[in-house]
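Student: 3D model of this:
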Amino acid sequence: MWRTRFLLVVWAVLVCSVAGHAADEDGLLELWKQHMATPDDHDVVIKACRDFSAAHAGDPLLPVVRGFEEWHTLRAGKQDEAFAMFEADLALPPSPVNDGARRIAFAWMTRKDRDKVAAALQVYYRKEVAYPKTLEQVAAHPKLKSAPPPLNDRFGKPWNYALTGFEKLKGFADQKYSLRSAVLGDLSDLKSAEKLPYAERISAVPQQVIPAPGNLLAVKFNLGKITSVIGAGTAAGDLYLAFVGEKIIVVCDYTHWKIFPRP
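Tutor: Here you go, the predicted structure:
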């Protein structure tokens, strides 16, 4: 707990110094290329992220660099350290980039919470030799001494929980279940999300930067069969536009960041 509080304080001090500093777009692009070229060199990329952060204490794109570090930390098996970083991201002040970091943090913490719900379901199963019809039954079970699992994900939405049974075996509906976040869908499971290659689900391609109301910028994205215009600090489905710079565009989904050269 003390480590988490320390990280929260340090991270808050860093982000409070962001205003008025220019983003090192070239430096971030180079770090992005290194991160993508060496996805299994966790120690090397983590050091590169920390070196960048130390040299750019006021850079508004630091949460993106931190996101790379978090992912490599998680993939390196240091789950407690990674989740302490995700928790610290929740204290970031509002801004388009910070809101993207918070979006990713909520998603990874939801995945960790899902593991807690799954563990509680297993405890229930050992008592009843069946899974419950609803998650509320787990919380209300008189013989379960552990703390009840969270009934909502980190986005405030109830879990999509249902008994599924076995396709070829009738009469065993309470022997198998499905558990997902309504927001994360098939990437609700922590292990599955960890194994996903970085930014694999972000298929959008920026086509054009266009002006938006309030002296802001928006980007026209090719989403395959359709196009979508997204303003900085807003989302279309899973795709969130965090930053439109002079040289790069930064987006994220609920799992990873992605950096494009500005078209």
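
Student: would you mind writing the CA trace of stretch 75-82 as PDB?
Tutor: Backbone C-alpha positions of stretch 75-82 (Å, rounded to 0.1, in the frame of the first residue of the first chain) are rendered in PDB as follows:
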ATOM      1  CA  ARG A  75       4.700  -8.900 -19.700                       C
ATOM      2  CA  ALA A  76       7.800  -9.300 -17.700                       C
ATOM      3  CA  GLY A  77       5.700 -11.000 -14.900                       C
ATOM      4  CA  LYS A  78       5.800  -8.000 -12.500                       C
ATOM      5  CA  GLN A  79       2.100  -7.800 -12.100                       C
ATOM      6  CA  ASP A  80       2.000  -6.000  -8.800                       C
ATOM      7  CA  GLU A  81       4.300  -3.300 -10.100                       C
ATOM      8  CA  ALA A  82       2.400  -2.900 -13.300                       C
END
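
Student: list the buried residues for it?
Tutor: For stretch 75-82, burial by neighbour count (16 or more other C-beta atoms under 10 Å) applies to Arg75, Lys78, Ala82. The way it works is simple: take the backbone N, C-alpha and C, and place the C-beta from them, glycine included.

Student: in a strand, that's where the last one is, yeah?
Tutor: No: in this structure, Ala82 is helix, not part of a strand, as judged by DSSP: H, G, I helix; E, B strand; the rest coil.

Student: in the stretch 51-200 of the chain, where is pLDDT below threshold?
Tutor: Within the stretch 51-200 of the chain, the ranges that satisfy pLDDT under 70 run 165-173.

Student: go with 90
Tutor: By pLDDT under 90, the weakly predicted segments of the stretch 51-200 of the chain are 57-58, 139-149, 164-176.

Student: tell me the SS of Gln207?
Tutor: Assigned by three-state DSSP, the conformation of Gln207 is strand.

Student: just the pLDDT at it, thanks.
Tutor: In this model, Gln207 is scored at 97, pLDDT.

Student: and for Phe6?
Tutor: 41.

Student: same question, Ile248
Tutor: Note for Ile248: predicted pLDDT of 98.

Student: quick one: contacts for it?
Tutor: Applying C-beta atoms under 8 Å, 6 or more residues apart in numbering to Ile248 gives the contacts Glu25, Leu28, Leu29, Ile259, Phe260, Pro261, Arg262.

Student: mind doing that once more with 6 Å?
Tutor: Applying C-beta atoms under 6 Å, 6 or more residues apart in numbering, we find Ile248 in contact with Glu25, Leu29, Ile259, Arg262.

Student: flag every buried residue along the host helix or strand of the third one.
Tutor: Assigned by DSSP states H and E, Ile259 belongs to strand 257-261. Within strand 257-261, the residues that qualify as buried by neighbour count (16+ other C-beta under 10 Å) are Trp257, Lys258, Ile259, Phe260.

Student: next: stretch 77-97.
Tutor: Of the residues in stretch 77-97, 78, 82-89, 92, 95-97 count as buried by neighbour count, 16+ other C-beta under 10 Å.
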